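K.L.:
pasting the sequence and the predicted model now:
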Amino acid sequence: MNSEPRVNIRFLGSGDAFGSGRRMNACIMVEHTAGRFLLDCGCTALVSMRGLDVDPNGITAVFLSHLHGDHFGGLPFFILNAQLVSNRRHPLVVAGPAGTAARLEAAMEVLFPGSSRVERAFPLEVIELTPGRTTEVGTVAVTPFEVLHPSGAPALALRVMVERKVIVYTGDTAWTDILIEASRGADLLIAEAYTFDRELKNHLSHATISSRKHELGASRIILTHLGPEMLERLDEAEFTVAEDGAEFHVG
């Protein structure tokens, strides 16, 4: 008898851009029957993988919410590691908002001049996502929703379907009603909670998520991207709070 397909979440980074609480930048690994993929790949992603014994070659795709460094800045290091250290041979897909290809090339050239143009032993495909349009990457289907977080390119909440489970990731954003549509019926909503109850431009707070939880309609909510104020009040949190290295089963 076949067992129920499992989808597991592991937080490789649950912190803000500034190392608050000694936490790593945004990076969430989703493991399923056909492989593993990342939601965001912040600057510390590869460091976290080393510390948690995660094989970077096991990552088949990276889905980006937006193009701030603490969410995509680990990609140049990830790609160079694949090329020079881990001897990757199988394809890697990077999917993100419009402008991802140009921003990734620019970041690689700033950090490691010439690195964006070298021949690699593995195919690298960059897909630019269109809000409201579902894109399939292998057995994973991702639908982006444009949210409110200026980053020089559209910022996206990502609704991901894998193994008949729906995972929604807000990325960074101010409150917008599009999150209600994005998270409707989700098995898991991974939501930014940068502050506890102070409203901060372009970000979500614990108080906002709490007041909107019934509208959001997700079966479970886990908070991430935690800033200093939120970290000081974790004992008051209404929802599960991510920690670096923490694992959760979606089901």
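P.N.:
All right, it came through fine.
K.L.:
in the stretch 1-150 of the chain, which spans are helices?
P.N.:
In the stretch 1-150 of the chain, the helices defined using DSSP state H, counting those that start in this stretch lie at 45-51, 69-72, 75-84, 100-111.
K.L.:
ranking the ones you listed by burial, who's on top?
P.N.:
helix 69-72 (a mean of 24; mean count of other CB atoms under 10 Å). All C-beta spots, glycine's among them, are computed from the backbone N, C-alpha and C.
K.L.:
tell me the pLDDT at the closest residue to Gly35 other than its chain neighbours?
P.N.:
What sits nearest to Gly35 in space, not counting adjacent residues and going by CB to CB, 6 or more residues apart in numbering, is Thr60, at 4.3 Å. Per-residue confidence at Thr60 stands at 98 (pLDDT).
K.L.:
return the residues in contact with Thr60.
P.N.:
When contacts are counted by CB atoms under 8 Å, 6 or more residues apart in numbering, Thr60 touches Ala34, Gly35, Arg36, Phe37, His90, Pro91, Leu92, Val93, Gly138.
K.L.:
turn the buried ones among the residues you listed into a named ChimeraX selection, would you?
P.N.:
The buried residues among the contacts of Thr60 can be selected in ChimeraX (16 or more other CB atoms under 10 Å) with this line:
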select :35,36,37,92,93
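K.L.:
which one of the contacts of Thr60 is nearest Gly152?
P.N.:
Val93 (22.2 Å; CB to CB).
K.L.:
what sits against Thr173?
P.N.:
Here Thr173 is in contact with Val147, Leu148, His149, Ala155, Ala157, Leu179, Glu192, Asn202, His203, Leu204 (CB under 8 Å, 6+ apart).
K.L.:
quick revisit: from Gly217, how far off is the residue nearest to Gly35?
P.N.:
From Thr60 across to Gly217, the span is 29 Å (CB to CB, to the nearest Å).
K.L.:
what does Leu156 give?
P.N.:
19 Å.
K.L.:
the two: who's more crowded?
P.N.:
Leu156 (30 against 15; other CB atoms under 10 Å).
K.L.:
could you find the closest non-adjacent residue to the more buried one?
P.N.:
Leaving aside its sequence neighbours, Leu156 sits nearest to Pro144 (CB to CB, 6+ apart; 4.1 Å).
K.L.:
quick check: pLDDT value at the one you found.
P.N.:
We have a pLDDT of 98 for Pro144.
K.L.:
who's in contact with it?
P.N.:
Pro97, Leu129, Thr130, Pro131, Gly132, Arg133, Leu156, Ala157, Leu158, Arg159.
K.L.:
partner residues bridging the last one?
P.N.:
Going back to what we said before, that points to Arg159. Thr143, Val168 (DSSP bridges).
K.L.:
and it, how many neighbours does it have?
P.N.:
Counted with other CB under 10 Å, Arg159 comes out at 22.
K.L.:
and what of the first one?
P.N.:
Burial of Pro97, expressed as a neighbour count using other CB under 10 Å, amounts to 24.
K.L.:
how close does it get to Asp40?
P.N.:
From Pro97 to Asp40 the distance is 12 Å (CB to CB).
K.L.:
mutual contacts of the two, please.
P.N.:
Leu64.
K.L.:
how about the strands of the stretch 101-250 of the chain, start to end?
P.N.:
124-128, 135-137, 140-147, 155-162, 165-169, 188-192, 221-224, 240-241, 247-250 (DSSP state E, counting those that start in this stretch).
K.L.:
thanks again, I'm all set now.
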